[in-house]
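Student: Please work out how this folds:
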Amino acid sequence: MGATAAQAAASQPHSQTADPIERDRQAALEALKPTKAELERGLAIHRESLVFDAYGFAPRAAPDGVATRDLIEQGASREELQDLREDATMTGAVSLVRERQEFVRAWRASGVTCIFQNCGEESSDPLRLIKRLARFSYLTDHLRGVLRRAVTPEDVERAYRDGLGCLYFTGNGVPLTQRWVSVEDELRYVRIFFQLGIRMMHVTYNRRNRLGDGCAETANGGLSDFGRAAVAEMNRVGVIVDVAHSGWQTSLEAAKHSSRPVVASHTTCGGLYPHIRSKPDEVMRAIADTDGYVGICCIPRFLRRSGDIQALLDHIDYAIRTLGARHVAIGTDVAYRSRYTQREQDRVPETRAGRTRFAALWPDDDFVQTSNMVRSLAWTNWPLFTVGLVQRGHDATVIRQVLGENVLRVARAALA
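Tutor: The predicted structure follows:
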């Protein structure tokens with residue numbers, strides 16, 4: 001689906017295109033500098049492959065600038081403003097023709113079959129977790145003919161055959177009522193959310209929780225006794241255990257205690273750059289030993305090196321050399337944003353910055369992120385990720401594993 005857009009981008013000077021999709025493709029092409037043969041082969045492999053983003057976001061609509069301005073003037077809380085923004089950006093393609101057109105254009109340009117869609121929040125509160133789940137269920141309910149909700153690997157394969165996109169749901173946290181009546185009672189919502197379509201859950205998100213330490217906790221404690229019980233319950237129900245935001249020791253112990261494949265859905269290789277969001281070789285190998293996968297993300301600050309599409313390819317190469325192609329995927333952790341986003345944002349009056357949210361616990365560093373880095377790693381550049389893998393000498397069999405077959409295999413194993 002992305003071949004035509006990528007070929008068009010290759011023939012247009014970067015400075016002469018206002019289309020954000022073409023602009024981003026030019027940034028990637030300038031970093032890759034593929035030959036005509038490499039470009040054509042990569043686009044052909046991508047077009048013929050089932051592409052499964054191991055963790056990402058469906059194209060986002062623009063926020064509602066006028067409604068946001070009105071809420072600010074009414075004295076709305078930060079939480080109310082966030083809720084309005086999320087509703088508009090996550091479901092705008094349902095109600096606005098221009099946003100539906102943006103959604104379709106971005107999806108077709110990406111050539112993606114399925115996204116393991118983040119349908120949760122950085123929390124374990126069931127009421128917070130259910131909001132995004134409702135929004136993306138609503139999106140798939142109303143974009144029929146464009147997008148489906150998938151609940152089994154067979155649904156994903158059917159969407160691929162039908163030429164449609166689909167979402168496979170992940171919730172950012174394990175839902176906990178926090179009444180602590182018993183371990184069994186506390187974990188009963190794992191099955192409820194599974195029945196609602198959630199197929200993957202984070203063990204932790206940056207901070208320490210009842211299950212273990214997140215990646216930003218300096219103590220680097222491991223999995224708690226309750227965390228072991230939660231991993232066992234996810235295994236039993238059919239939910240994939242995701243340690244992307246977990247501390248290194250928590251990740252290691254989750255892998256060792258799981259009876260099913262474990263994943264780090266969107267991370268980087270600590271052997272290339274040891275950021276808190278990376279996984280060192282020992283942890284990556286423990287994940288591979290479960291027959292899981294490590295998904296490489298598209299965040300320049302975590303990738304380092306050049307911070308662009310070449311850095312992404314460096315991490316994919318490193319993971320393949322360290323683990324074998326069977327255990328590597330791409331979990332972008334980025335989204336396409338509607339071209340109307342800035343126009344709507346300009347309608348919103350400036351507000352005073354609030355306190356740092358509890359989950360945002362990142363170390364200070366001197367990394368300078370540039371717009372070209374971000375553009376080259378844009379979600380719509382998936383076809384050029386494939387071109388880059390061709391340039392690195394990987395054959396079609398390996399490339400198809402990384403593009404989607406590994407994610408599909410683990411999804412099957414979780415439900416076996």
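
Student: for the stretch 101-250 of the chain, what spans make up the strands?
Tutor: 114-118, 147-150, 165-171, 198-202, 240-242 (DSSP state E, counting those that start in this stretch).

Student: contact partners of the shortest one?
Tutor: The list of residues contacting strand 240-242 from outside it, by CB atoms under 8 Å, 6 or more residues apart in numbering, reads 55, 170, 199-203, 231, 234-235, 254, 258, 260-265, 410-411, 414. For every residue, glycine as well, the C-beta is placed using N, CA and C.

Student: moving C-terminal of the worst-scoring helix or strand of the chain on mean pLDDT, what's the next helix or strand?
Tutor: Confidence across the helices and strands of the chain bottoms out at helix 3-10, with a mean of 42, counting by mean pLDDT, DSSP states H and E. Read in the C-terminal direction, the helix or strand following helix 3-10 is helix 20-32, with elements assigned using DSSP states H and E.

Student: helices and strands around that following helix, which ones?
Tutor: When contacts are defined as 3 or more CB pairs under 8 Å, 6 or more residues apart in numbering; DSSP states H and E, helix 20-32 packs onto helix 3-10, helix 97-110, helix 309-323, helix 371-376, helix 382-391.

Student: What angle do helix 20-32 and the third one make with each other?
Tutor: Spelled out, that is helix 309-323. Regarding helix 309-323 and helix 20-32, their directions subtend 60 degrees when assessed with axes from the mean of the first three to the mean of the last three CA atoms, to 10 degrees.

Student: So which bits of helix 309-323 are buried?
Tutor: For helix 309-323, a neighbour-count test (16 or more other CB atoms under 10 Å) marks 309-320, 322-323 as buried.

Student: Let's have the residues you listed in CSV, adding distance to Gly271 and pLDDT.
Tutor: What follows is the buried residues of helix 309-323, written out as CSV (distance: CB to CB, whole Å; pLDDT from 0 to 100):
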residue, distance to Gly271, pLDDT
Ile309, 20, 98
Gln310, 17, 98
Ala311, 14, 98
Leu312, 15, 98
Leu313, 15, 98
Asp314, 11, 98
His315, 9, 98
Ile316, 13, 98
Asp317, 11, 98
Tyr318, 6, 98
Ala319, 9, 98
Ile320, 12, 98
Thr322, 7, 98
Leu323, 11, 98
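
Student: Next, count neighbours for Phe385.
Tutor: By the measure other CB atoms under 10 Å, the count of residues near Phe385 is 27.

Student: do the same with the one 5 residues further on
Tutor: Burial measure for Val390: 24 neighbouring residues, criterion other CB under 10 Å.

Student: Surely Thr91 and Arg135 touch.
Tutor: Yes - counting by CB atoms under 8 Å, Thr91 sits close enough to Arg135 to count as a contact (5.3 Å).

Student: that older thread, among the strands of the stretch 101-250 of the chain, which comes closest to Arg108?
Tutor: strand 165-171 (8.7 Å; CB to CB).

Student: Tell me which other helices or strands the closest one touches.
Tutor: strand 114-118, helix 126-142, strand 147-150, helix 153-162, strand 198-202.

Student: Just tell me which of the strands of the stretch 101-250 of the chain ends up closest to Leu377.
Tutor: strand 114-118 (15.8 Å).

Student: So what's the gap between that closest one and the chain middle?
Tutor: With CA atoms, centre = their mean, to the nearest Å as the basis, the distance from the averaged C-alpha position of strand 114-118 to the chain average is 7 Å.
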